[in-house]
Each structure stands twice: as C-alpha cells, then as structure tokens.
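*Asks:* Below are the sequence and a predicted model for it; my questions follow.
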Amino acid sequence: MSAGSINWATVIDDVEEASAHWLPLKIAENNVSQEMASKLQRAQNTERSGEETSVTIRGRELKGHRYELPKDYYAFSLVQVADQNVGRGQLEDDSDQMAASYNDTTDMVDDQSAHWEQERLSRHHEVRGKSWKAKHRTGSIMLWGHDVAPSKTDAGRRCLDFLSVAQKVHAPISKEAVEAQLRILEASS
C-alpha cells in the first residue's frame, strides 16, 4: 500500500459542480464513454423530483433515483495530480538538511533517541506517495439498480443513510436538553 495525500486547500472554492452516479456495473476503463455519459445526463435531466428514472446502457435496463446528501455534505471526485517520490529529488535535500542539523545536536540526545531518529529519517526516504486533488463536487448522488430502482434496503442507500445518522450523532447538544434528561433520570430512580 502506498501513502498519499489529498490537497483540501482548494476543495470548496476551485471545484466545479458535477453529477455523481453509483452504477451497478463494472467499467474496465477509467474513462466513461461519451454514449454512456450522454444517456446518464439525459436521464438525469428528465428526472422529476421523487420519481425513478430509467436508461438502457449496453442492452441492460437501469433504473435510478436521486438521493440528496445531508446539508453541508458533498461528494467529491478526486484526480491524481502527480506521483511524488517523497524523500527523493528536492525533498531528499530537505531530509539531508534535517539529518545534518540533527547531527549537530546529537551530543544532547542519548544514543537510543539518535538511533530512532536516524531510522525515522531513513524510512522518510522510502515513502512513495501520490497527491490527489478534488476535481468535481455534488450535493446529490444518483443510485442505479438493474431492472428496479434501489430501495431503502440496498447497500448504497444504507451507506447514504449513515451520513444522516452521523450528522445527528455529532450534532451539539444544548444545556437545556441535558438538564431535561437528567431530571428524567432522577425521577425514574
């Protein structure tokens, strides 16, 4: 497994809006054919709120339904910016400078700590990472199913329900609500 990083600094401001489709099929290539993209876009444009949509792709009928993400949640599509050989090239020079400055202060640190720091620096040279950037974002996802639209029991739909549950679990609790619950607990005991 390789390490990587996502540049979140430009996510909200520099990302264009797009649609997201969760298809029940595997596409061998990373790019979507123009025919498939136009059919999905046409189906999305003709969709009426709350109704299922159907489209035929590669001879298979797919039925879909749009699900809005909870408020302030977005789905992002990420693209790889470039391979970064962390610890090689320009970053290697920074590590060597770190090692040199560390060697100047080794007399203040015991031998065990010096060994651990040298080991950390050598691991730093071996890490290969990828850098990712958000390209598109959307506030809704179109879920598709074979012959029938995804129901509430489908795995994809349940994953989206988890976002609503997480939002409620992490919501702040008012002091009044806590005091009311404490009064109920005291009265029952």
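*Replies:* Good, I have the coordinates.

*Asks:* so where's the protein uncertain?
*Replies:* 1-13, 27, 29-34, 44-51, 82-129 (pLDDT under 70).

*Asks:* again, only using 50
*Replies:* 1, 86-110, 124-127 (pLDDT under 50).

*Asks:* Let me see the domain layout of it.
*Replies:* 3-80+131-188, 87-127 (automatic domain parsing).

*Asks:* For burial, what's the neighbour tally of residue 157?
*Replies:* Using other Cβ atoms under 10 Å, residue 157 has 18 other residues around it. C-betas here are computed from N, CA, C, even on glycine.

*Asks:* scratch that, residue 170
*Replies:* 7.

*Asks:* Please report the distance of it from residue 37.
*Replies:* Distance, residue 170 to residue 37, using Cβ to Cβ, to the nearest Å: 36 Å.

*Asks:* And residue 40, how far from residue 28?
*Replies:* Residue 40 is 18 Å from residue 28, by Cβ to Cβ.

*Asks:* before we move on, what about residue 37?
*Replies:* Residue 37 is 16 Å from residue 28, by Cβ to Cβ.

*Asks:* show me where the chain has strands.
*Replies:* 3-7, 16-17, 21-22, 53-57, 60-68, 75-84, 129-138, 140-146 (DSSP state E).

*Asks:* Can you check which of these gets nearest to residue 174?
*Replies:* Nearest to residue 174 among these is strand 60-68 (26.4 Å), distances taken as Cβ to Cβ.

*Asks:* Which strands border the closest one, and is each parallel or antiparallel?
*Replies:* strand 53-57 (antiparallel), strand 140-146 (antiparallel) (DSSP bridges).

*Asks:* Of all the residues in that strand, which ones are buried?
*Replies:* Within strand 60-68, the residues that qualify as buried are 62-67, counting by 16 or more other Cβ atoms under 10 Å.

*Asks:* Now do it against strand 129-138: the angle between them, please.
*Replies:* 80 degrees (axes from the mean of the first three to the mean of the last three Cα atoms, to 10 degrees).

*Asks:* what comes into contact with strand 60-68?
*Replies:* 21, 23-25, 43-44, 47, 51-56, 139-150, 157, 160 (Cβ atoms under 8 Å, 6 or more residues apart in numbering).

*Asks:* now swap in stretch 15-32 and tell me
*Replies:* Against stretch 15-32 from outside (Cβ under 8 Å, 6+ apart): 40-41, 44, 57-58, 60, 62, 64, 75-77, 134-138, 140-146, 156.

*Asks:* Taking those, please make a PyMOL selection of just the buried ones.
*Replies:* Of these, the buried ones can be selected in PyMOL as follows, counting by 16+ other Cβ under 10 Å:
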select buried, resi 40+44+57+62+64+75+76+134+136+137+138+141+142+143+144+145
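
*Asks:* ok, back up a step: between residue 37 and residue 28, which has more neighbouring residues?
*Replies:* Here residue 37 and residue 28 are compared on neighbour count by other Cβ under 10 Å; more neighbours surround residue 37, at 13 against 4.

*Asks:* residues in contact with the more buried one?
*Replies:* Contacts of residue 37 (Cβ under 8 Å, 6+ apart): none.
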